[in-house]
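J.: The following block contains a protein sequence and its predicted model.
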Amino acid sequence: MRIISILLLVTGITACAQTSNINPDSRLSLDQGSWQQLPVKSNKDNGNSDTGYKGWYQQYANAQLVTLIDTAISNNQSLQQLGLSVQIQKRRLSIAEAALFPMITLGIDARRDRSATSINNSASIELSSQYEIDLWGKLNAQQQSNLYRVLSTSAQFEEARQLLVVEVMSQYANAIQAHQLLQLYEQRSATSKENLNIIEIGYKSGLNEALDVYLARNEHNSNLAKIAAQRATKVTLLSELQRLLGQYPSGNVASEVLNLDTSLPDINRKDVSVLPSEVILQKPTLQSAWLDLLSADANLAVAHKQRFPSFTLNANVGKNSDTFKDILSTDLVWSLIAGISAPLFDAVTLKANEDIALYTKQQAELDYIQAVYDSFADVERALFKEQTLVQQYTSVANAKENALIAESLAFEQYLKGLVTYTTVLDAQTRSVDAQSSLITIQSQLFINRIQLHFALGSSFNGETYTSDMINEQI
């Protein structure tokens with residue numbers, strides 16, 4: 001009856017042990033309707049507004065690229081290490097769950113003492129149990145903190161997985177760009193070789209000057225140097241791609257495994273339609289930051305409840321006898337002890353620990369807010385950069401056509417003696433610059449678009465996994 005009275009008393013004052021909640025200002029309102037860099041519909045105007053980012057990478061990947069992505073996800077060593085980190089955290093969570101259950105131990109003891117006159121034998125067996133009643137919710141709060149850490153690690157793994165996909169797609173685009181530039185330089189080298197032969201024949205016939213021959217030879221040698229440098233760049237990029245795939249970085253990939261004679265998707269024709277600002281909440285970085293905040297808040301609850309009394313139950317059942325064979329015939333001896341322990345003097349250690357937990361939680365709040373704003377900044381930059389790249393692409397595409405025509409006319413006029421060879425070289429340089437710029441911009445458009453999806457946290461399966469859903473699952 002006395003134990004029941006203690007329980008009622010403790011239950012009545014439990015409300016005094018509650019800690020403060022997370023600052024509501026930490027959960028920023030995302031109801032802004034649209035991004036600054038992209039005119040879109042209101043968040044509430046279209047219930048199907050997420051169709052533009054479901055299964056996003058499949059919109060831009062051919063069968064070959066999908067195979068590369070699957071290979072990277074399966075074989076990348078860094079991703080595998082993070083996957084093992086998730087498993088380690090889950091096992092630690094299982095260990096931490098043991099505190100919620102009674103601890104039961106079994107002890108068996110046998111002893112023989114000999115004196116000058118006699119020999120004494122003794123045997124005992126004891127089953128003991130110890131259990132802390134979680135009246136204040138301290139153990140539950142600790143368990144919540146551990147669970148949040150596991151989920152945060154899982155979110156970090158998902159972020160790493162998405163980042164790996166972005167890196168594979170970016171490196172694939174860079175490899176295609178390097179291959180196309182190499183083809184361009186090889187084509188320019190072949191053209192400069194033909195021009196050199198024509199000029200040398202004209203020089204021998206007295207139609208051209210020696211200066212033109214030297215200029216043509218210099219142009220051809222420069223093109224050969226560009227080819228050598230571009231081949232080295234291509235090998236380097238392929239080596240980096242192989243490392244992302246978890247393979248040996250030989251830099252030599254068979255054409256049946258990686259065929260670079262292809263073109264990247266035309267991003268200019270794949271507009272970003274409706275992108276509600278809430279979509280950013282599914283970003284794994286923000287999920288992890290929010291879960292870290294929840295974990296810090298739970299740790300604050302633990303630190304606060306450490307200052308309250310602990311209520312434990314101890315139960316023992318055992319037997320003592322002179323010999324083991326007599327243990328079963330003797331009567332059981334049992335005891336049940338209920339105890340309350342409370343800190344009386346700890347040199348302000350518990351208060352200091354609570355203050356530390358409070359400051360840690362406030363740091364986590366600021367980290368989350370900063371992560372939200374950083375994520376918005378990444379999206380805004382990607383949207384603005386895409387608009388700029390699209391404008392550059394249109395201008396450079398027109399410049400390319402004009403440069404090709406000018407190059408052809410310049411050489412024809414040179415053969416007729418209307419212009420000098422320096423005019424031809426200038427036209428050729430502008431043509432190569434325009435063509436290489438167009439290749440580079442197309443690659444940048446592709447990479448920027450997939451980085452935009454990564455900044456948005458676009459999922460692979462189209463599911464929106466927000467912090468509210470995390471709370472519901474926990």
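T.: The structure has been received and is ready for your questions.
J.: pretty sure Ile104 belongs to a strand, no?
T.: Yes: residue state for Ile104 (DSSP: H, G, I helix; E, B strand; the rest coil) corresponds to a strand.
J.: In terms of pLDDT, where does it sit?
T.: Note for Ile104: predicted pLDDT of 74.
J.: Could you check how many residues crowd around the closest residue in space to Gln64 that isn't next to it in sequence?
T.: Of all residues beyond its chain neighbours, the one nearest Gln64 is Asn259 (6.3 Å), with distances taken as Cβ to Cβ, 6 or more residues apart in numbering. In this view, the C-beta of every residue, glycine as well, is placed from N, C-alpha and C. Each residue near Asn259 was counted by other Cβ atoms under 10 Å, and the total is 13.
J.: which residue sits closest to the residue nearest to the spatial centre of the chain, ignoring its sequence neighbours?
T.: Closest residue to the average C-alpha location of the chain: Glu159 at 2.2 Å, with Cα atoms, centre = their mean. Take Glu159 and drop its neighbours on the chain: the residue closest to it by Cβ to Cβ, 6+ apart is Pro284, 3.6 Å away.
J.: can you pull the contacts of that neighbour?
T.: Contacts for Pro284 were tallied using Cβ atoms under 8 Å, 6 or more residues apart in numbering; they are Ala155, Gln156, Glu158, Glu159, Gln162, Gly457.
J.: how about the nearest residue to Leu211, chain neighbours excluded?
T.: What sits nearest to Leu211 in space, not counting adjacent residues and going by Cβ to Cβ, 6+ apart, is Tyr421, at 7.5 Å.
J.: from memory the residue nearest to the centre of the chain sits against Thr285, does it?
T.: Yes: counting by Cβ atoms under 8 Å, a contact exists between Glu159 and Thr285, whose distance comes to 5.6 Å.
J.: Show me how far stretch 430-443 is from its chain's centre.
T.: The chain centroid and the centroid of stretch 430-443 are separated by 32 Å under Cα atoms, centre = their mean, to the nearest Å.
J.: Quick check: buried residues in that stretch?
T.: Using 16 or more other Cβ atoms under 10 Å as the test for burial, stretch 430-443 gives Arg430, Ser431, Val432, Ala434, Gln435, Ser436, Ser437, Leu438, Ile439, Ile441, Gln442, Ser443.
J.: And these, which is closest to Ala397?
T.: Closest approach between the buried residues of stretch 430-443 and Ala397, by Cβ to Cβ: Leu438, at 6.0 Å.
J.: Which secondary structure element is home to the closest one?
T.: Leu438 is part of helix 421-456 when elements are defined by DSSP states H and E.
J.: Pull the distance from that helix to the chain's centre.
T.: Between the mean C-alpha location of helix 421-456 and the chain-wide mean there is a distance of 29 Å, by Cα atoms, centre = their mean.
J.: Where does the closest residue in space to Ile439 that isn't next to it in sequence sit, in terms of helix or strand?
T.: Nearest in space to Ile439, with sequence neighbours left out and distances taken as Cβ to Cβ, 6+ apart, is Gln180 at 4.9 Å. Assigned by DSSP H and E, Gln180 belongs to helix 138-204.
J.: Please work out the angle formed by the directions of that helix and helix 421-456.
T.: Here helix 138-204 runs at an angle of 170 degrees relative to helix 421-456 (axes from the mean of the first three to the mean of the last three Cα atoms, to 10 degrees).
J.: Beyond helix 138-204, next helix or strand please.
T.: Sequence-wise, the next helix or strand downstream of helix 138-204 (DSSP H and E) is helix 210-244.
J.: So for the next helix-or-strand element following that following helix, mean pLDDT?
T.: Going down the chain from helix 210-244, the next helix or strand is helix 284-305, by DSSP H and E. Across helix 284-305, the average pLDDT comes to 88.
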